[in-house]
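Trainee: Here's a sequence, model it:
(one chain, ligands or ions: 2)
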Amino acid sequence: MTPRPLPMRVPAAGLPARVRIHEVGPRDGLQNEKATVPTDVKAAFVHRLAAAGLTTVEATSFVHPKWVPQLADAEDLYPRLAGLTAAGGVDLPVLVPNIRGLERATALGARRVAVFASATETFARRNLNRTVDESLAMFAPVVARAKADGLHVRGYLSMCFGDPWEGPVPLDQVVRTARALAGMGCDELSLGDTIGVATPGHVSALLDALTADGIPVDRLGVHFHDTYGQALANTLAALQHGVTTVDASAGGLGGCPFAGSATGNLATEDLVWMLQGLGVETGVDLDALVATSVWMAGRLGRPSPSRTVTALSHKE
Ligand code: HMG
Ligand code: MG
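Mentor: Ligands and ions are numbered 1, 2, ... in the order given. Purely as a prediction, here's the structure:
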């Protein structure tokens, strides 16, 4: 039998030894599916991702069920994952927009939550029904209560590079909102390229602007969507800046129901292939991950857009 292809391991200078992959497939991936994914399938998906070595798996959202019907089963799903955190040491963060969401999540034992702001007014209005400042005012008590209860809090910041309604987003506009999220106590910020328009120089410029403003790079993660095929190049630029937290979605699932031009996230398999080649540790078993995405593609009824999944699952 022909052995499966492997990237040749050739480390490059100036990269971290290890990257923590923040897997968002079950949340960012499935929130955008037209067909309803049964809760059993979601639970199996998260278990398989954990078994493939992913230690942070964003499980679901405690948002208004009418806004994101695809994740309306959060109360049913989350308890089915309890064994992973208790015995397996897997973190299962969830999205919470407000105190109501935080209370729903913590009632089920969530220890990691994420609020999600926008750098632009139009997306804040469409995604949160609020202005940017009103949404920050909604998040402040959420972060304060979560921190007082000892939770880890992530602050997403969407539309950091471009917005489908407002066009390119000025760096200082992103810095202002990032500063607000960091100031209210978010442990880490995830910089979202919601519609995938970033290119590597832009990523470097934003990271420079944020670190110059006093946000240390070890509090920054990156969240690239792969709409224009730039997500891996953008990730490499971020790693060269010292970023060690990278969001990705198994099989390249994803998008945002409130930003029609958003397609899937950076595929976790494509990321792991590059990092393996660079000699950067992730702890992920690529074969198990590809098998999971092929299985999920079967449940969703269409092939994964990931190049690595396609290549590694190709049968002669
Ligand atoms: P609203 O309509 O302004 O809510 O929505 P409200 O505060 O006026 O409350 C209205 C009703 O909703 C009330 O019920 C609340 O109790 C209820 P009533 O008193 O009328 O019976 N309600 C809730 N119910 C359950 N859970 C809750 C909740 N909150 C209020 N948490 C809201 C405001 C923020 C709730 C709404 O806009 C919302 O849920 N938005 C979620 C949008 C979303 O999930 N978007 C996708 C995630 S973001 C993303 O994908 C980007 C990211 O991937 C990064 C990137 O790529 O850039 C993270
Ligand atoms: Mg996203």
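Trainee: Show the contacting residues for the closest residue to ligand 1 within the chain.
Mentor: Proximity of the chain to ligand 1 (CB to the nearest ligand atom) peaks at Gly192, 2.5 Å away. Every residue, glycine included, has its C-beta placed from N, CA and C. Taking CB atoms under 8 Å, 6 or more residues apart in numbering as the criterion, Gly192 is in contact with 156-160, 223, 225.
Trainee: Specify the next element, helix or strand, located C-terminal of the lowest-mean-pLDDT helix or strand in the chain.
Mentor: Within the chain, no helix or strand scores below helix 82-86, which has a mean of 89 by mean pLDDT, DSSP states H and E. Sequence order places strand 94-95 as the next helix or strand after helix 82-86, per DSSP states H and E.
Trainee: ok, and does the next helix or strand after that following strand reach over to ligand 1?
Mentor: Later in the chain than strand 94-95, the nearest helix or strand by DSSP H and E is helix 99-107. Yes - part of helix 99-107 sits close enough to ligand 1 to count as contact by CB under 6 Å from any ligand atom, namely 100-101, 104.
Trainee: Enumerate the positions of the least confident helix or strand of the chain that are buried.
Mentor: Buried residues in helix 82-86, defined by neighbour count with 16 or more other CB atoms under 10 Å: 84-85.
Trainee: For it, list the C-alpha coordinates in PDB.
Mentor: Extracted in PDB, the C-alpha atoms of helix 82-86 (Å, rounded to 0.1, in the frame of the first residue of the first chain):
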ATOM      1  CA  ALA A  82     -19.200  17.100  30.100                       C
ATOM      2  CA  GLY A  83     -17.000  14.000  30.100                       C
ATOM      3  CA  LEU A  84     -14.500  15.700  27.800                       C
ATOM      4  CA  THR A  85     -13.800  18.600  30.200                       C
ATOM      5  CA  ALA A  86     -13.900  16.500  33.400                       C
END
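Trainee: quick revisit: any idea what the residue of the chain closest to ligand 1 is bridged to?
Mentor: With DSSP bridges as the criterion, Gly192 is bridged to His223.
Trainee: i'd like the first residue to be 26 from this point on
Mentor: Fine by me, first position is 26 from now on; the one you just mentioned is Gly217.
Trainee: Let's see the pLDDT reported for it.
Mentor: Here the pLDDT value assigned to Gly217 is 98.
Trainee: which parts of the stretch 76-225 of the chain sit against ligand 1?
Mentor: Counting by CB under 6 Å from any ligand atom, the stretch 76-225 of the chain comes close to ligand 1 at 86-89, 92-93, 120, 122-123, 125-126, 129, 141, 152-154, 181, 183, 217, 219.
Trainee: Report the buried members of the residues you listed.
Mentor: 86-88, 92-93, 120, 122-123, 126, 129, 141, 152-153, 181, 183, 217, 219.
Trainee: ok, the nearest residue to Ala37 once chain neighbours are set aside - how many residues close by?
Mentor: Leaving aside its chain neighbours, Ala37 sits nearest to Leu303 (5.6 Å; criterion: CB to CB, 6 or more residues apart in numbering). For Leu303, the neighbour count with other CB atoms under 10 Å is 17.
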